[in-house]
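[1] Show me the folded form of this:
(one chain, ligands or ions: 2)
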Amino acid sequence: MPADLAHIRQVMAEADCLYTNEQLEAAIHQVAQSINAELAERNPVVFCVMNGGLIFAGKLLPQLDFPLELSYLHATRYRNETTGGELFWKAKPEISFMDRDVLIIDDILDEGHTLAAISDFCKHAGARQVHTVVLIDKTHDRKARPDLKADYVGLPCVDRYIFGYGMDYKGYWRNAPGIYAVKGL
Ligand SMILES: O=P(O)(O)OC[C@H]1O[C@H](OP(=O)(O)OP(=O)(O)O)[C@H](O)[C@@H]1O
Ligand SMILES: Nc1nc2[nH]cnc2c(=O)[nH]1
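    Residues are numbered from 1 along each chain as shown. Ligands and ions are numbered 1, 2, ... in the order given. Below is the predicted model of the structure:
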């Protein structure tokens, strides 16, 4: 069914801005510094988790000052909806990372099923160590595992449905230049 563009525009008009572009860029800079300090000698294979990780990865990667190899993977469990379901692999990693450090870049750690499944996949497929970085860690007590954390986190966020900076609302507004919470969600 075609998207109702009037509704999509209205969602943006009514949304609450949680983080501006400037705040996000400052957080990304901090994260980049931490990764530079810790992974510079690790020769990692870096995977951007599509689609949501695209903007974050695009802003983070040029600030990493060491040699790395870059690829992508696509695992999705929201599929343009506002609640998550079963994880579906659209594209598994194609580049070899056997006995290599891996860095997974994603936009958000929400319940964490996605990041946990990707990390487990990489470990079982022979990664030496899996590092994870997310732009946003949503604050609630519904994590897939109680101890589930990303190694590097840009910013926390309230328990609402958010979009922008790579994250979608019904497939739209991944291009929004900040992070916004949908009114009522
Ligand atoms: O922590 P979780 O509750 O598992 O949710 C986090 C995941 O959800 C989003 O992906 P989505 O499934 O929407 O796919 P997309 O990036 O292609 O939109 C986001 O990009 C994360 O990968
Ligand atoms: N767009 C978007 N994707 C998500 N995936 C998990 N949580 C969220 C969220 O709040 N917004």
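[2] What strands line up against the helix or strand harbouring I105, and which way round?
    Using DSSP states H and E, I105 sits within strand 101-109. Under the criterion DSSP bridges, strand 101-109 sits next to strand 45-50 (parallel), strand 129-138 (parallel) in its sheet.
[3] any chance of those strands in a markdown table, with mean pLDDT too?
    Shown next, in a markdown table, are the strands paired with strand 101-109 (pLDDT from 0 to 100):
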| stretch | mean pLDDT |
| --- | --- |
| strand 45-50 | 97 |
| strand 129-138 | 98 |
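[4] Of all those, which one comes closest to ligand 2?
    Smallest distance to ligand 2 across the strands paired with strand 101-109 (C-beta to the nearest ligand atom): 6.3 Å, for strand 129-138. Placement of C-beta: from N, CA and C, glycine included.
[5] Could you tell me which residues within the closest one count as buried?
    Buried residues in strand 129-138, counting neighbours by 16 or more other C-beta atoms under 10 Å, are found at 130-138.
[6] So the strand holding I105, near ligand 1 or not?
    Yes - for strand 101-109 and ligand 1, the contact criterion (C-beta under 6 Å from any ligand atom) is met by 106-109.
[7] wait, which of the strands paired with strand 101-109 is closest to ligand 1?
    So among these, strand 45-50 is nearest, using C-beta to the nearest ligand atom, at 5.2 Å.
[8] What residues does Y180 make contact with?
    Taking C-beta atoms under 8 Å, 6 or more residues apart in numbering, we find Y180 in contact with 12, 15-18, 162-164, 173.
[9] what lines up beside the helix or strand harbouring it in the sheet?
    If you go by DSSP H and E, Y180 is part of strand 179-181. Applying DSSP bridges to the sheet, strand 179-181 is found paired with strand 16-19 (antiparallel), strand 162-163 (antiparallel).
[10] For stretch 154-162, buried residues please.
    Neighbour-count burial for stretch 154-162, counted by 16+ other C-beta under 10 Å, picks out 154-155, 157, 160-162.
[11] next one: it to chain centre, how far?
    12 Å (C-alpha atoms, centre = their mean, to the nearest Å).
[12] How far does it stretch from one end to the other?
    When the termini of stretch 154-162 are compared using C-alpha to C-alpha, to the nearest Å, they are 15 Å apart.
[13] and the helix or strand where L24 lies with strand 45-50, angle?
    Taking DSSP H and E as the criterion, the element that holds L24 is helix 21-39. Using axes from the mean of the first three to the mean of the last three C-alpha atoms, to 10 degrees, the inter-axis angle of helix 21-39 relative to strand 45-50 is 150 degrees.
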